[in-house]
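Undergrad: sequence first, then the predicted structure:
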Amino acid sequence: MTQPTPLLSVRDVRIDYASSRTTVHAVRGVGFDIYPGETVAVVGESGSGKSTTAAALVRLLPRAATVTAGSITFDGTDILAAREASVRRLLGRRIGYIPQDPTVYLNPVMRIGDQVAEVLVIHKLADRKTALISAIEALANAGIDHPEVRARQYPHELSGGQKQRVLIAIALAARPALVVADEPTSALDVTVQRHILDHIGTLTRELGAAVLLITHDLGVAADRADRILVLSQGEVVEHGTPDEILGNPQHPYTRSLIAAAPSLHTAGGTFLTRARQDVSADALSPTPLLEARDLAKTFGRTDDAPRAVDGVSLSIARGRTLSLVGESGSGKTTTARIILRLVDPTSGTVVFDGEDITQLRGERLRQLRRRIQVVYQNPFASLDPRLSVGDIIAEPLRSLKLAGRGERRARAAELVDLVALPASALARKPRELSGGQRQRVAIARALSVSPELVVLDEPVSALDVRVQSQILSLLAGLQAELGVAYLFISHDLAVVRQVSDEVGVLYHGRLVESGSTDAIFDTPQHEYTRELLAAIPRGPREPAITRGEQHS
Amino acid sequence: MSEFALVRPAEARAVDATVADDSAEQSTSRTRFVVGYLRSRPGLIVSVVWLVLLIAASVVPTLFTATDPLATVGTVRTAPSAQHIFGTDQIGRDLFTRVVYGAQLSIRAAAVAIGVGLVVGALIGLIAGYVGGWVDLVLMRIIDVLLSIPGLLLALAFVVALGFGTINVAIAVGLTSIATNARVLRSEVLKVKHSVFVEAAHAGGATPVRILFRHVLPNSVIPLLSLLALDFSGAILAISSLSFLGYGAQPPIPEWGSLISGGRDFLASAWWLTTAPGLVIVVTVLAGNRVARAFTGEGTIR
Amino acid sequence: MAHARRERATSANSYGRYVAGRVAQAVLVVFAAYTASYLILWSLPGDIIANITGGDATDLTAAQIAQIRHQWGLDLPLITRYFDSLGHAFTGDFGRSFTSSRPVTALIAEALPATLQIATLGFLFAVVAGSTVAILATRARSRWLSNLLLGLPPLAVAIPAFWLGLLLIQVFSFTFHLFPATGNFGPQSLVLPAITLGIPTSAMIAQLLAQGLAKALDEPYSDTARAKGASPSRVQFRHALRNAAIPALTVSGLVVGTLLSGSVVTETVFSRIGLGRLTAEAVSAQDLPVVQGVVVFAAVTFVVVNLLVDLIYPALDPRIITVAPQRRLVLKGA
């Protein structure tokens, strides 16, 4: 078999980001080929250089970035060195680009149809009239319902999934030979993610287009790609078929990535079972610590206002973890905020340790804060930027007047140690810490008053996979040690499986299914739960392997 | 340590490494950052130096000139020279000296205007933003009404009511700036109030008063400083305009706006009489705006 | 489809309620502005009798003062006078000038055309100069040129208008003899005042538009356009400009206010007849009715312009939906 010529050749690309203080080498000598019709996935964490590489391919590098070396050759044109006008002839026409976050990548004041048609008009593939007809066709192909109606609408009238389909229509309208998809679904709900990825796969296969898929999720990459490149700190550390990468990873970084990916392993037990190994089962008393009955919450005054939470009942035992799973708008965060008594429910009761706390006000509510604490999703926003880590951790102790100055200092030192931060972190400001370190600080703050229940609102969804698994392991360990109960809010079933005793599935404000973690995962009853489970990527499957053989 | 073995081993070291890494050079890197910050912003340095000199001139004008601002020291209307760097005016007084002494009145008037406008405006904004509800609604409707009258006209109405003179003009300018200040501070307070870390403090059992003083106010200081610098520039401009129109300082007392007004009749023969004090106003306003931008527009020094 | 039709029907309905709400609010603001200016002018300290008689009131007998007080209604309590004047204001009667005894409305009507001339010219100058600077600054290939252009608006904002007028006179009237320095004679005399009036406004427009353009060009949707192969001009004019220009419209009220207050200084510098000059002289003479008349006129203008902007805004920005209960503009999906 003769070696086919690659469609795209990336050779030793190096890209720096210059800031006033330092120069960051974001991409340090990346090289790979893409052959016609194949799907190549580039996997890496934030800061690995994967998105910078994608941006270089379509010449959309931010101004602070400079290409210091290398070439990207597409069909004989060096994208990095060629004149802008000749690169423009390729973009949109031969190379389609599907960006990361559909909510911001469409022009808000331009009709959908015009935005799709524009790519055809620019490349003179159609005149003004026929372009709109072709655009409607492209929208229909991308799986948009009522494309002729949608074409006249504006982006804000569409859901996130629909917007991503519009962007797919734009990328594919001119039938390109290569599609660069930069994390095309990470801003979408999990069930939508799967449909979108399926759709990209089907359409590009029909077109015979090659795909470069940028993703942080090794599972997604393994599901969808013929070949995988693992990127770490701007370098390709490993390269192979999904089977090779998952079955026989060579590089320690790849191995750590696989070990951390929650969707890819359950062998060896979850963080929960590992953490509880040496705690005998009956040491945990099963009396409910918190019970919520028939919680409902309506925003707005009218009767027909949508219910954010609609008849949710749940119970959490001492020292155990209940997880609430659902997509955006499912009411999971509102439920958590009701239990935290940050919002009042429209109806229903919350009973904590035998006491009805639904109506608590003023000083008694403040005293309840000692027993129920919270960790927020975004550790960049939840810490006061002007306080030191030590002050942040001791803040609840000070607010609730639980300790004097000396005691607070000692407790803060103890707590940073407990969450595995060095003592030197105490004097730091939050901005000097990484995301994972900040989340440790937030956990330490929540634990400072020795609460009985901690509400964890998506505590790891803003973090990279490997940091995610460190934090989950920390949380499980702390629970085994301190006997604290968790209410764990997440959109990610794979993460939930790692830490939960019980799982509740929320859908449109209703609790559609609940039960033990095993029961939910092994014998899901509700249609929606099954769909959520199906959305978890599981590694390579048959169709992905069959196409990539010719050149490997 | 062994009891936590479960949580710790490898990752604890990894975390340690990244934090410890920069701990040694922490203090030096900070000074280096500040030096680098200023070095890349020569305009900011010039602005700060200019403002410091101005304030010095307004407190001790004799630092810069030994001449009497009201005394005739040379021939009438001599062009700028080494002896009189801004020239002399229509009755032979040294213009540079008069501009220096003019700073005294202009800067003090600006201080009065800022005092009135920023204190009252910030207070209204703070209360409206922090208390919210109907208090916010009522206060903001009043602010809307004040904003519906163009600034200079509102200041003129206050001047008519209060009477003429530099201090009254300053108070009028201050009163006029209340509305904008209240708006800016309210939006800053709302931004901080709705931030996650404030809710976290609330969930941590902090009282509203504690949240206000420990979290909301300290995080609103930087925008307040920026507002202060902006107000300074605005006040200098507005006060000089009103003085130019003749409602402020009366001759022979020097004030920047009235100096320009006095030079108006000699535009064709003695350009420096209007040009020199005008340039001083422009540079002062630019300096104030530049300092304001340092607090907001670009990377902030914290 | 049926769903879409229903949506449009309710949105037409809610637009009606939105308009009604905005109009009611505008009327309320004008009323409040009238009240505020009345209270400021008539209740604060200051010797009203001296103002009326034009200076010294000391040589008047007590009987004469009482007669003047009665003639101007000053012997009545403030609240009575306020409601009385409010009633008259409704019929367009803003009282008579202290100095000339002529109706305030007539004085304003006479002075307005001259001011409108320079304000209109100044506004056109501001829009053209402001947008040219903004567009060139974001288009300029050389960073040097771009920075130079972006430096212009902050400089223009820092220059006192009265001084700018004097500089223009010095250069264009006394040095080059191109335009007359003062007066209301012929179109030649409009140029320098219009530029003086327009420059602060042009700086405002340039800054706003340049910021908006820079932001829009950095927005991800501009990247989408570039990834389609769109040229820089296409990205700027088809995608960025519209997104940047719509928000700029919201400062129209402020622009009109700036032009009105600018006329006070400009007309004084150029010794022109007009609304600004009327105001300056009324302030000097502490002619309360005229000052209040001008203030209320400015507030009405401001409110009407803002109302017009609010009413056409939903047609320009598709994201704006009108929410009836709050009667406010809501930016959806942003």
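TA: Arrived safely.

Undergrad: now residue 257: closest residue in space that isn't a chain neighbour?
TA: Let's take chain A. Leaving aside its chain neighbours, A:Leu257 sits nearest to A:Leu218 (5.7 Å; criterion: C-beta to C-beta, 6 or more residues apart in numbering or on different chains). The way it works is simple: take the backbone N, C-alpha and C, and place the C-beta from them, glycine included.

Undergrad: actually, chain B is the one I wanted.
TA: The spatially closest residue to B:Gly257, leaving aside those adjacent along the chain, is B:Ser243, at 3.0 Å (C-beta to C-beta, 6+ apart).

Undergrad: what's the answer for C:Ala282, then?
TA: C:Val290 (3.8 Å).

Undergrad: which residues touch the one you found?
TA: C:Ser97, C:Phe98, C:Val104, C:Leu107, C:Leu278, C:Thr279, C:Ala282 (C-beta atoms under 8 Å, 6 or more residues apart in numbering or on different chains).

Undergrad: wait, the third one touches C:Ser97, no?
TA: Yes. In this structure, C:Val104 sits in contact with C:Ser97. The criterion is C-beta atoms under 8 Å, and the distance is 6.2 Å.

Undergrad: what sits in contact with each of these two?
TA: C:Pro289, C:Val290.

Undergrad: these two: who's more crowded?
TA: With neighbours defined as other C-beta atoms under 10 Å in any protein chain shown, C:Val104 and C:Ser97 compare such that C:Val104 has more, 27 against 22.

Undergrad: ok so, going back, which secondary structure element contains the residue nearest to B:Gly257?
TA: helix B:217-244 (DSSP states H and E).

Undergrad: who does that helix touch, helix- and strand-wise?
TA: Counting contacts by 3 or more C-beta pairs under 8 Å, 6 or more residues apart in numbering or on different chains; DSSP states H and E, helix B:217-244 is packed against helix B:95-131, helix B:151-162, helix B:166-193, helix B:256-263, helix B:272-295, helix C:161-168, helix C:252-269.

Undergrad: now do the buried residues in the fifth one.
TA: The one in question is helix B:272-295. With burial defined by 16 or more other C-beta atoms under 10 Å in any protein chain shown, the residues of helix B:272-295 counted as buried are B:272-278, B:280-295.

Undergrad: for stretch A:429-447, same thing?
TA: Result for stretch A:429-447 [16+ other C-beta under 10 Å]: buried residues A:429-430, A:432-447.

Undergrad: from these, which ones fall inside helices?
TA: Those of the buried residues of stretch A:429-447 mapping onto helices are A:435-447, per DSSP state H.

Undergrad: name the nearest of those residues relative to A:Gly113.
TA: Nearest to A:Gly113, judged by C-beta to C-beta, of these is A:Gly435 at 40.0 Å.

Undergrad: which ones are touching that closest one?
TA: Contacts of A:Gly435 by C-beta under 8 Å, 6+ apart are A:Pro379, A:Phe380, A:Ala462, A:Leu463, A:Asp464, A:Val467.

Undergrad: who wins on neighbours among those?
TA: Top of the contacts of A:Gly435 by neighbour count (other C-beta under 10 Å): A:Pro379, with 26 neighbours.
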